[in-house]
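1. Just the structure for this:
(chains A and B)
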Amino acid sequence: MGQEPANKRLAAARRLGVHVSMRSPQPPPPTILVEKQVGLLASMGLSHSKFQKLRLAFRGAVFGMASIHALRKSRATLSREPSAAVSEDDTGAHLVNLRAALERRLVDLCQSKVFVERLVCDEQGRPVSQTRDFEVPPKGGPPYPDECPPPDMRDVQFSFGLDKGGTPSSVKVVMGLLNQAHPHRLAKSMLAAVCPCENDKHEDVEKMLRTHVPAIQDLLLNGFVLDGHRRAVRLFLTGDYPVICILLGHNGPNETLPCVKCLGTKVPIKA
Amino acid sequence: MQDLSRKHPPRTSTQLLEMLGKDAFGHAISGQGGVHKLLSINLPPIFVVDPRQVVPIPVHLTIGINSRMLQLAVESVIISRGSVDGMQFAYTLADVLGKELRVGPVPYHGGTFIGRHCHVIAHRSVRNGQELMGLLPQARVTAYKRAWALWSVLLTTLNRAAIIPAAEQRRFAASATEFVVLLQRHFPWMRISPKLQFFLHHAVDCMQRFGSIGLYGVQAIEAWHGFYRQNAPRFSAETELLSCGRLMRSMALTSVATDAVLRLRSPIRKRVSKWAKRPDDRRRQENRPRRRYCRSTTEKAKKDRRRWAEKQFEVALKRVSSRGWDG
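-> Residues are numbered from 1 along each chain as shown, chains lettered A, B, ... in the order given. Model (predicted):
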């Protein structure tokens, strides 16, 4: 007995004398790395056992769905990496290495070719193209006088904000990567800390952010290297009005100068 | 803040550094941070950033101004017709919003309307103010309707997560000025809050500098509360701190597989027909069958509407009486 042909449809076509196109078959889609599968499962909240059932039911091994063993091994390896390390202290749970976590996401965006340049406009409202790299000042000190990179300097844009809410109440510290489409979506933002608390007064927030402030200052001073270019970090403060006031040390909207962006007075001043 | 006729000098990062007692190079400086230099910054800043990079809180502007506009109608009726009519109007307004526009307040964010509901209210601006006919002078009703029409245009630009074309930015600036001036002229008891001032001056500036405001929105921060609550069983632990730790560990792992991974494998296909253009399209609200609710849900919605109306009335009455406004 002859061996059964692998492609029955091709064999049947040959028997019938139908011309079969010799076009090369479509390349299979690239399989997702095991570590990426771990990340996807974590974001979806799917347990390993459920994933295994799906894998068995739909013959997932053929399409590169990892086995439970491989997933567990990869998860353990990932958890030890600096970008995923988490520490707990008296204030809450924090990401240990903010730079590594952000770098990982940025590299991911660049590799997937979904990194979007965000140009800053000049006084006339025209976008200024970014032509020069960021340079770390050799003698230390601020790289630019007003804490704001010049418009023609290559940059990455981050937002930093926090908010108290939920039941039981906790403060979530969130960083957003703005160099992508729809940056305000939950899946595209990064949780930097979760701190269970009842109050979010200035001293409470100061304690919560005591590990993150130096990390962000380091980002502002040294920038990021992406695709061979050192980019400046442009940081946006976000959150509700009281949070912005707390972060800037402002006394709030009932003060004599209630605005955090200008020196407008609460009561009109007679000239 | 009532003086909106001119722009005020901007704050700078140097002022923040002075409050920390440092110069631009981080060296300690003496004799700074005195009372004459406080500028309402009485506590050491946690972050020193350029104040131009403080995002003009589009989500909170939307919620706040929308809510203020609704209250303004109740205040106007109280001033013109007295508190009994004001109360009655608040109930009518709640019924219109709930039954006709099918929007409802949420139990958080101060019990106001949020997100899509704000847009629905603004885009049905023709409907807003119809109940005011006969209760207020015609000029004030017209001004109120015009304010809603302007707000509906502004809202689209304010919350759009995209780079706004220059022409639309100019239109936004002009409409924002007209909106605030209109409110000041026809509702003179209305106080210009820092939020409204933020909207008028700084939102426009921010848009002109960075091309958009909606891109820098805070939806993600707010959404994390919901995510944590919805997935509470996944992260449950002996203490709240350990629960937070579980959430953080799980979310730290997700950073290795962002949305970008899925996009690589399955690029987004554009939908053929995005909007329901045909009048008989079943996606249109008027063609959709009314959803049927059980009696308890209907009763609860009714109770919520009454509670919202009473709260609006209380706030409006307090505001009117505190200003000593007699019409």
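
2. hey, let's count contacts and neighbours off CA atoms from now on
-> Fine.

3. who's in contact with residue B:134?
-> Not one residue lies near residue B:134 by Cα atoms under 8 Å, 6 or more residues apart in numbering or on different chains.

4. Other residues contacting the helix or strand residue A:192 falls within?
-> Under the criterion of DSSP states H and E, residue A:192 resides in strand A:189-196. Contacts to strand A:189-196, defined as Cα under 8 Å, 6+ apart, come from residues A:91-95, A:98, A:168-177, A:183, A:208, B:220, B:240-241, B:244-245, B:248, B:251-252, B:255.

5. mind redoing it with 6 Å?
-> Residues outside strand A:189-196 that contact it (Cα atoms under 6 Å, 6 or more residues apart in numbering or on different chains) are A:91-95, A:170-176, B:244.

6. Taking these, tell me the two that lie furthest apart.
-> Pairwise distances across those (Cα to Cα) peak at 21.9 Å, for the pair A:91 and A:176.

7. Looking at those two, which one has more neighbours?
-> Taking neighbours as other Cα atoms under 10 Å in any protein chain shown, residue A:91 and residue A:176 compare with residue A:176 leading, 30 against 19.

8. Quick check on the more buried one: phi, psi?
-> Taking degrees, to the nearest 10, you get phi -110, psi 140 for the backbone angles of residue A:176.

9. what is it paired to in the beta sheet?
-> residue A:159, residue A:189 (DSSP bridges).

10. Specify the next element, helix or strand, located C-terminal of the helix or strand bottoming out on mean pLDDT in chain A.
-> Least confident element among the helices and strands of chain A, by mean pLDDT, DSSP states H and E: helix A:8-16 (a mean of 68). Using DSSP H and E, the helix or strand that directly follows helix A:8-16 along the chain is helix A:34-44.

11. Report whether that following helix contacts chain B.
-> Yes. With Cα under 6 Å from any Cα of the partner chain as the criterion, chain B is reached by helix A:34-44 at A:36, A:39-40, A:42-43.

12. Quick one: the helices in the chain, in order.
-> Chain wasn't specified; assuming chain A. A:8-16, A:34-44, A:48-57, A:68-80, A:98-111, A:202-208, A:212-222, A:241-248 (DSSP state H).

13. that's the wrong chain, I meant chain B
-> With DSSP H as the criterion, chain B has helices at B:13-19, B:58-81, B:83-95, B:116-123, B:138-159, B:166-186, B:194-197, B:203-210, B:219-230, B:240-254, B:259-265, B:295-323.

14. nearest to residue B:276, of those helices?
-> Nearest to residue B:276 among the helices of chain B is helix B:116-123 (16.4 Å), distances taken as Cα to Cα.

15. List the buried residues of that closest one.
-> Using 16 or more other Cα atoms under 10 Å in any protein chain shown as the test for burial, helix B:116-123 gives B:117-119, B:121-123.

16. Could you do stretch B:159-179 as well?
-> Using 16+ other Cα under 10 Å as the test for burial, stretch B:159-179 gives B:159-161, B:163-164, B:169, B:172-173, B:175-179.

17. picking that back up, who wins for most neighbours among the contacts of strand A:189-196?
-> residue A:176 (30 neighbours).

18. show me the contacts for that residue.
-> Residue A:176 touches A:158-159, A:189, counting by Cα under 6 Å, 6+ apart.

19. how many other residues sit next to the closest residue in space to residue B:113 that isn't next to it in sequence?
-> Using Cα to Cα, 6 or more residues apart in numbering or on different chains and skipping the chain neighbours, the partner closest in space to residue B:113 is residue B:105 (4.5 Å). Residues lying near residue B:105 (other Cα under 10 Å) number 20.

20. and what of residue B:100?
-> 10.

21. With residue A:167 instead?
-> 11.

22. For residue B:319, give me the pLDDT.
-> Reported pLDDT at residue B:319 in the predicted model: 89.

23. can you check residue A:65 too?
-> Looking at residue A:65, its pLDDT stands at 89.

24. I'd like the distance between it and residue A:211.
-> As judged by Cα to Cα, to the nearest Å, residue A:65 and residue A:211 stand 38 Å apart.

25. For stretch A:126-142, the averaged confidence score.
-> Rounded mean pLDDT across stretch A:126-142 is 84.

26. no, scratch that, I was asking about stretch B:193-212
-> Taken as a whole, stretch B:193-212 has an average pLDDT of 86.

27. Domains in chain B, by residue range?
-> Following automatic domain parsing, one gets these domains for chain B: B:6-53, B:58-216, B:219-253.

28. ok, which residues in chain A are in contact with chain B?
-> So chain A meets chain B at A:36, A:39-40, A:42-43, A:84, A:92-93, A:112, A:120-121, A:125, A:141-142, A:146-148, A:166, A:184-186, A:194, A:236-238, A:247-251, A:257, A:259, A:261-264, A:266-268 (Cα under 6 Å from any Cα).

29. Derive a ChimeraX selection command for the buried subset of the residues you listed.
-> This is how ChimeraX selects the buried members of those, with burial counted by 16+ other Cα under 10 Å:
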select /A:36,39,40,42,43,84,92,93,112,120,121,125,142,146,147,148,166,184,186,194,236,237,238,247,248,249,250,251,257,259,261,262,263,264,266
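
30. Phi and psi next, for the nearest residue to residue B:184 once chain neighbours are set aside.
-> Spatial nearest neighbour of residue B:184, excluding adjacent residues (Cα to Cα, 6+ apart): residue B:190 at 6.7 Å. The phi/psi pair for residue B:190 (degrees, to the nearest 10) reads phi -70, psi 130.

31. how deep is residue B:190 tucked in, by neighbour count?
-> Per other Cα under 10 Å, the neighbour tally for residue B:190 reads 17.

32. What distance do you get for it to chain A?
-> Shown here: residue B:190 relative to chain A, a distance of 14 Å by Cα to the nearest Cα, to the nearest Å.

33. ok, now residue B:173?
-> The spacing between residue B:173 and chain A, counted by Cα to the nearest Cα, is 13 Å.

34. Which pLDDT value does the model give that residue?
-> Listed pLDDT for residue B:173 reads 91.

35. and what of the one 5 residues further on?
-> According to the model's per-residue confidence, residue B:178 sits at a pLDDT of 92.

36. ditto for residue A:186
-> 87.

37. quick one: it and residue B:321, what's the gap?
-> 43 Å.

38. Could you do residue B:223 as well?
-> In this view, residue B:223 and residue B:321 are 37 Å apart by Cα to Cα.

39. Tell me how many other residues surround the closest residue to residue A:114 other than its chain neighbours.
-> Using Cα to Cα, 6+ apart and skipping the chain neighbours, the partner closest in space to residue A:114 is residue A:180 (6.3 Å). A total of 21 residues lie near residue A:180 under the criterion other Cα under 10 Å.

40. And for the one 3 residues further on?
-> Here the count is done by other Cα under 10 Å, and residue A:183 has 23 residues near it.

41. Surely residue A:237 touches residue B:56?
-> No. Using Cα atoms under 6 Å, residue A:237 makes no contact with residue B:56, being 9.3 Å away.

42. how about JSON lines for the contacts of strand A:189-196, with pLDDT and distance to residue A:131 added?
-> Below are the contacts of strand A:189-196 laid out as JSON lines (pLDDT from 0 to 100; distance: Cα to Cα, whole Å):
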{"residue": "A:91", "pLDDT": "91", "distance to residue A:131": "42"}
{"residue": "A:92", "pLDDT": "93", "distance to residue A:131": "41"}
{"residue": "A:93", "pLDDT": "94", "distance to residue A:131": "39"}
{"residue": "A:94", "pLDDT": "94", "distance to residue A:131": "36"}
{"residue": "A:95", "pLDDT": "93", "distance to residue A:131": "33"}
{"residue": "A:170", "pLDDT": "93", "distance to residue A:131": "42"}
{"residue": "A:171", "pLDDT": "94", "distance to residue A:131": "39"}
{"residue": "A:172", "pLDDT": "94", "distance to residue A:131": "36"}
{"residue": "A:173", "pLDDT": "95", "distance to residue A:131": "33"}
{"residue": "A:174", "pLDDT": "94", "distance to residue A:131": "30"}
{"residue": "A:175", "pLDDT": "93", "distance to residue A:131": "26"}
{"residue": "A:176", "pLDDT": "91", "distance to residue A:131": "24"}
{"residue": "B:244", "pLDDT": "93", "distance to residue A:131": "42"}
